[in-house]
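Peer 1: here's my sequence, what's the structure:
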Amino acid sequence: MSQTAQTETRLELADPQAYIRRQVGLVGDRDPMAVLSSTPDRIDELIAGRSAAVLQRRPFEGKWTPTEIIGHLIDVEWTYGFRTRMIAAHDRPTLLGMDQDLWVAAQRYNDRRAHELAADFRAMRAINVRFWNGMTDAELDRCGVHSERGDESQRHIRLLLAGHDLWHLDQLKRYVDAAARLD
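Peer 2: Just a heads-up that it's a prediction; the model follows:
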């Protein structure tokens with residue numbers, strides 16, 4: 001498990017409220033839907049002009065590559081898309097946590113091209129943004145019960161996901177820059 005992922009996983013499991021505060025704090029006064037809508041463009045900007053070899057480099061021992069970070073964002077997009085649809089269709093469904101490192105490893109993301117993964121993420125995000133933008137206030141207030149964090153409304157999930165995007169966009173920028181310096 002990467003050190004960054006270990007830290008995030010420990011924070012989420014050991015103190016779910018600290019994890020929530022961090023994610024919400026990253027969003028600040030920004031509109032979560034604006035953040036979510038802009039993430040695909042930001043990913044494209046961060047990897048523009050970079051070769052597959054650079055993006056597949058592991059710039060820090062035991063941590064993800066830039067390509068794996070994008071793969072992780074895809075995994076989270078699947079997960080949050082599923083969770084929000086469960087909440088839309090069921091009364092207070094259980095929302096299971098995930099082991100992000102197992103998911104990244106199982107998908108073998110670093111064997112793929114980051115630019116292709118970014119295109120996959122863009123397509124998935126577009127589907128989810130359309131779904132989330134179509135929700136009424138009553139639908140946004142519907143809740144599921146996260147297995148580690150407790151009650152989470154649709155509105156709250158969008159806010160957490162926006163913070164998650166910002167966290168990993170910052171990570172992606174730092175990792176791409178570090179991987180490029182290894183030339």
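Peer 1: make sure residue 71 is indeed in a helix.
Peer 2: Yes: applying DSSP: H, G, I helix; E, B strand; the rest coil, one finds residue 71 inside a helix.
Peer 1: how about the contacts made by the residue lying closest to it once chain neighbours are set aside?
Peer 2: Excluding its sequence neighbours, the residue lying closest to residue 71 (CB to CB, 6 or more residues apart in numbering) is residue 109, at 2.9 Å. Heads up, the C-betas are built off the backbone N, CA and C, glycines and all. Applying CB atoms under 8 Å, 6 or more residues apart in numbering, one finds that residue 109 lies in contact with 67, 68, 70, 71, 72, 74, 117.
Peer 1: nearest spatial neighbour of the third one, chain-adjacent residues omitted?
Peer 2: Counting by CB to CB, 6+ apart, the nearest residue to residue 70 once its immediate chain neighbours are dropped is residue 117, at 4.4 Å.
Peer 1: okay, that neighbour: pLDDT?
Peer 2: Per-residue pLDDT puts residue 117 at 98.
Peer 1: tell me the first helix or strand C-terminal of the strand or helix carrying it.
Peer 2: Counting by DSSP states H and E, the element that carries residue 117 is helix 114-133. As assigned by DSSP H and E, the chain's next helix or strand after helix 114-133 is helix 137-140.
Peer 1: now for that following helix, which elements pack on it?
Peer 2: helix 154-180 (3 or more CB pairs under 8 Å, 6 or more residues apart in numbering; DSSP states H and E).
Peer 1: report the inter-axis angle for the helix it packs on versus helix 114-133.
Peer 2: 170 degrees (axes from the mean of the first three to the mean of the last three CA atoms, to 10 degrees).
Peer 1: which positions in stretch 61-69 come out as buried?
Peer 2: Buried residues in stretch 61-69, counting neighbours by 16 or more other CB atoms under 10 Å, are found at 63, 64, 65, 66, 67, 68, 69.
Peer 1: ok, back up a step: now the residue nearest to residue 71: how far from residue 19?
Peer 2: With distances taken as CB to CB, to the nearest Å, residue 109 is found 23 Å from residue 19.
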